[in-house]
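Participant: Quick one: sequence and predicted model below, then my questions.
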Amino acid sequence: SNTILPLESIPVYLKHIVLYNPFVVGEAALKRIIVFTFSLDRVGDLLSKLVWYNLILVVVTYLGLKRSKEKISK
């Protein structure tokens, strides 16, 4: 994340990928809220990205667990 390794020091081609990392998104939202005193309305785009990440993670986890249970039962 930007807290550990500044994004400015990362090559440009990797920077575009890293910007979608949930840790970077969460850190950016937290920084905007705490440092710049943004309201939740102004960081809604970042918070919606985090909600989508979590939903996708839950679905992938559920499908993985379902598949592993099917393999074990065979």
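Facilitator: Received the coordinates, thanks.
Participant: Kindly state the pLDDT recorded for the residue sitting furthest away from the middle of the chain?
Facilitator: Here the chain reaches farthest from its C-alpha mean at K74, the gap being 35.5 Å by C-alpha atoms, centre = their mean. Per-residue confidence at K74 stands at 73 (pLDDT).
Participant: repeat for V18
Facilitator: Predicted confidence (pLDDT) for V18: 84.
Participant: Equivalent analysis for D41, please.
Facilitator: 88.
Participant: Give me the residue at the spatial middle of the chain.
Facilitator: Nearest to the chain centroid, counting by C-alpha atoms, centre = their mean: P22, 1.6 Å.
Participant: Contacts only, for the residue farthest from the centre of the chain.
Facilitator: Listed by C-beta atoms under 8 Å, 6 or more residues apart in numbering, K74 has no contact partners. Just so you know, the C-beta spots here come from the backbone N, C-alpha and C atoms, and that holds for glycine as well.
Participant: in stretch 67-74, what's buried?
Facilitator: Judged by neighbour count using 16 or more other C-beta atoms under 10 Å, stretch 67-74 contains no buried positions.
Participant: That stretch: how far from the chain's middle?
Facilitator: In terms of C-alpha atoms, centre = their mean, to the nearest Å, the centre of stretch 67-74 is found 30 Å from the chain centre.
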